[in-house]
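> everything below, folded, please.
(2 chains)
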Amino acid sequence: MNFTYPKNEKLKSKITIGLLFTEGKSVSKYPLRLVYKAGSFSEGEKIKMGVSVSKKNFKKAVDRNYFKRLLRETYRLNKHLLIDNLDQPYSFMFFYQTKDRLSYEEINTKTIQLFEKFLLQIKKED
RNA sequence: ACCGCAGACCGCCUUAUCGCCGUUUUGAGUAUUCAAAAGGGAGGAAAGUCCGGACACCAGAGGGAAGCAUAGCGGGUAAUACCCGUCGGUACCGAUUUAUCGGGAUUAGGACAAGUGCAACAGAAAGUAUGUACAGGUAAUGCUGUAGUGAAACCAGGUAAACUCUAUGCGGUGAAAUAUCAAGUAUAUCAGCAUUUAAGGGCUUCUCGUCCGUUGUUGAAGGGUAGAUAGCUUGAGUCCCGCAGUAAUGCGGGAUCUAGAUAAAUGAUGAGGCUCUAAUUUAUUGGAGACAGAAUCCGGCUUAUAGGUCUGCAUUUUUU
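Prediction:
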């Protein structure tokens, strides 16, 4: 299975991010939140993912970096859940929305639950 | 051996699996790229953004004023508000010859006979004031002296981290600077020439001064938007040795290359060790591992830091 998180899978374009915030929909599984929007990229690219931790919740840069790394890590290890079940390209933004310091284990289970919830939701929309 | 003070240095380690960002080499491909291998990948403060520079641009950014900064003396430096040395002041400690010597600490430490302001207590009064007692003097009067208060009483003194003055220095902006490239949008840009001379705008606080200006035409290609490349890491670099100097530091020689991301890499998880800590079954179990994350680069300052190592000084104890 592919567990990588290469450069072209990262959400970088400011325009796409802007669209995501204005037009995107979201699912939550406390304390995680996933904003998503269907869209097309250049050929071969199925998915774009960005990660964010609010400055409000964590004042120090070290803490923000730590949780962003955790989010990237859980995404990387669980992204097959998304890729295997998507029939069109999506862009995502992944948020950590609490002041509590959850462990890796907790975040990992929450991520899996969140991805499953997301898949259910887009099936309903179809 | 123990505790205290000062300075310097280090600031978790090993490994497996799965990943991320550069570099080099090899292979494939017209190319964007893809694959493999090797090697590298946060700090002493990367922080606060408080000073000083390098570098870049702004119209050669010129004069004056204002403003800001600095303030014994000498030195260091690219430069500083930093660093070193030294003199003086301040409080302290030790010694004794009781007034000197020694010690470390600390200190914005130029000018109050240029002007203005401020000043506890005491005092009639601290400046447009003249009271009381005594003495002298006068036509008469605080006109003169003494006493009394106070550090200081009309003539000065204290105070400038009070205004101020003096000397010296300072143009502004800030890597989202700036340069180049290709894409789509379609004249709002620049240069030359001719024309117009007044509204306005720029020169980043004001003013003087100065520059631009309106329209037409010719030429070049500009502007905003998202992106790429450069800037971007070889530098006042790091380490070692020698010489000069009280020192800061300088000079000479040798070795070495050590992060360059851009919604932003430098990681996550497991196992073992190390340190600290709680409980007890005293060698097991549980918990914790400080402060904190590069963003153009250097030199300082300030603040946050568990634990550890080394050096120097002083105290106490033991042994000889």
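> just the buried residues of stretch A:99-118, please?
For stretch A:99-118, burial by neighbour count (16 or more other CB atoms under 10 Å) applies to A:102, A:107-108, A:110-111, A:114-115, A:118. Glycine gets a C-beta too; all of them are placed from N, C-alpha and C.
> which outside residues touch the strand or helix carrying residue A:36?
Residue A:36 is part of strand A:32-38 when elements are defined by DSSP states H and E. With contacts defined as CB atoms under 8 Å, 6 or more residues apart in numbering, strand A:32-38 is touched by A:19-21, A:23-28, A:71, A:88-97, A:107, A:110-111, A:114-115, A:118.
> could I get the buried residues of stretch A:99-118 as a markdown table with distance to residue A:37, pLDDT and secondary structure?
As requested, the buried residues of stretch A:99-118 are exported to a markdown table (distance: CB to CB, whole Å; pLDDT from 0 to 100; DSSP: H, G, I helix; E, B strand; the rest coil):
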| residue | distance to residue A:37 | pLDDT | secondary structure |
| --- | --- | --- | --- |
| A:102 | 26 | 83 | coil |
| A:107 | 23 | 87 | helix |
| A:108 | 25 | 86 | helix |
| A:110 | 22 | 87 | helix |
| A:111 | 19 | 88 | helix |
| A:114 | 16 | 89 | helix |
| A:115 | 16 | 89 | helix |
| A:118 | 12 | 89 | helix |
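> how about those in a markdown table, adding distance to RNA strand B?
Shown next, in a markdown table, are these (distance: CB to the nearest atom of the strand, whole Å):
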| residue | distance to RNA strand B |
| --- | --- |
| A:102 | 10 |
| A:107 | 9 |
| A:108 | 8 |
| A:110 | 14 |
| A:111 | 12 |
| A:114 | 17 |
| A:115 | 17 |
| A:118 | 19 |
